[in-house]
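In: sharing a model prediction with you, sequence too.
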Amino acid sequence: MSEPAPKPPTNFEDALAVARAIQPSLNKLMLLFQRTTEGSSLTTSQVSIMNQLRMRGPSRVSTIAQAELIRMPTASNALYQLERHGFVERRRDEQDRRGVLVALTDLGESELEVVSKQRAEALAEILQWLDPNEMDEARDLTRIISRLADVYRPTMDRD
């Protein structure tokens with residue numbers, strides 16, 4: 001038995017209608033989340049970079065910039081700040097001695113663990129307001145949110 005043909009991607013007009021419907025609430029939730037994590041030792045961008053290093057291992061600055069959808073100078077500056085705090089270190093690429101890799105340090109791994117726990121707890125504070133049925137729906141949405149985070153890649157050339 002053959003599998004059904006996959007559905008074509010959603011058209012832009014449908015996506016825009018959904019975006020307009022969720023944007024105000026999404027903005028409010030993002031702001032609430034940012035405010036609850038303001039005292040954190042790491043910015044959201046720094047956490048994202050450190051998570052990339054945790055998942056991928058030591059990486060070149062260009063690889064980090066590409067994965068984070070940021071420009072090289074922005075990545076270099078963010079990494080400099082992390083390096084100043086001892087959260088990452090630079091080392092020679094053993095495969096290509098001309099290159100430099102950035103790696104998470106033990107201190108960086110530890111700090112990332114603490115901050116990730118704090119952020120999960122902050123998000124749980126928001127989610128706990130849902131009733132059990134809504135929590136089930138939120139649980140189902142995690143797959144879609146994760147997919148959006150994994151597949152969406154705007155071009156760096158748009159201005």
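Out: Sure thing, it's come through. Keep in mind that what you see is a predicted model, and the values were worked out from it rather than measured.
In: nearest the middle, which residue of the chain would you pick?
Out: By Cα atoms, centre = their mean, the chain has its centre lying nearest to Ser48, at 4.5 Å.
In: grab the nearest non-local neighbour of Ala103.
Out: Nearest non-adjacent residue to Ala103, counting by Cβ to Cβ, 6 or more residues apart in numbering: Pro58, 3.9 Å away. Placement of C-beta: from N, CA and C, glycine included.
In: if I look at that neighbour, what pLDDT would I see?
Out: Pro58 carries a pLDDT value of 96.
In: still on that earlier bit, give me the pLDDT value at the residue nearest to the centre of the chain.
Out: 93.
In: which residues does stretch 83-92 contact?
Out: Here stretch 83-92 makes contact (Cβ atoms under 8 Å, 6 or more residues apart in numbering) with 41-42, 46, 50, 53, 58, 79, 82, 99-105, 107-108, 111-112.
In: can we see that at 6 Å?
Out: With Cβ atoms under 6 Å, 6 or more residues apart in numbering as the test, stretch 83-92 has contacts from 82, 100-105, 107-108, 111.
In: which of those fall within strands?
Out: Counted as lying in strands by DSSP state E, out of these, are 100-104.
In: tell me where this protein has helices.
Out: Ranges of helices within the chain are 12-36, 44-56, 61-68, 72-84, 106-127, 132-151, based on DSSP state H.
In: sketch out the low-pLDDT regions of the chain for me.
Out: 1-9, 153-159 (pLDDT under 70).
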